[in-house]
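Peer 1: task: produce atomic coordinates for the following.
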Amino acid sequence: MMLQPMKTISSHEIDSDVEDIFYDPERKQIYLSCGGGYIDIFKQINPDQYELLATTSTYKGARTCLFISELNKLFLASPTSISQNATLSIYDVH
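Peer 2: Now for the predicted structure:
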């Protein structure tokens, strides 16, 4: 099977150092864990249109993430740094 080139359907500014991205089909939202210290949340308006819904502050360097739709939870791991211990943050998704 040969893959076809992808076309850009939408482009947005996001925070830096994204590691994980999850799509929530129930809420039609996209979650991006950004190591720059934020979680960016986009809302899907239609198949070709998305808008920034929210930006949530996290710890700088926190980017390893897991979304479990059945639990409505987003888990985010933060590494140890000079000013903080490693943490696991759990976010309720609405």
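Peer 1: just the pLDDT at residue 74, thanks.
Peer 2: At residue 74 the predicted local distance difference test score is 98.
Peer 1: which neighbours in the sheet does the strand or helix carrying it have, and how are they oriented?
Peer 2: Assigned by DSSP states H and E, residue 74 falls within strand 73-78. Neighbouring strands of strand 73-78 in its sheet, by DSSP bridges, are strand 64-68 (antiparallel), strand 87-92 (antiparallel).
Peer 1: quick one: buried residues of the first one?
Peer 2: Neighbour counts using 16 or more other C-beta atoms under 10 Å place 65, 67 of strand 64-68 among the buried residues. Heads up, the C-betas are built off the backbone N, CA and C, glycines and all.
Peer 1: where along this structure do the strands fall?
Peer 2: The residue ranges that make up the strands of the chain, judged by DSSP state E, are 18-24, 29-34, 38-46, 49-57, 64-68, 73-78, 87-92.
Peer 1: is it possible to export the ones you listed to TSV including distance to residue 3?
Peer 2: What follows is the strands of the chain, written out as TSV (distance: least, C-beta to C-beta, whole Å):
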stretch	distance to residue 3
strand 18-24	19
strand 29-34	22
strand 38-46	23
strand 49-57	23
strand 64-68	26
strand 73-78	30
strand 87-92	34
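Peer 1: since that was my last question, I'll sign off now.
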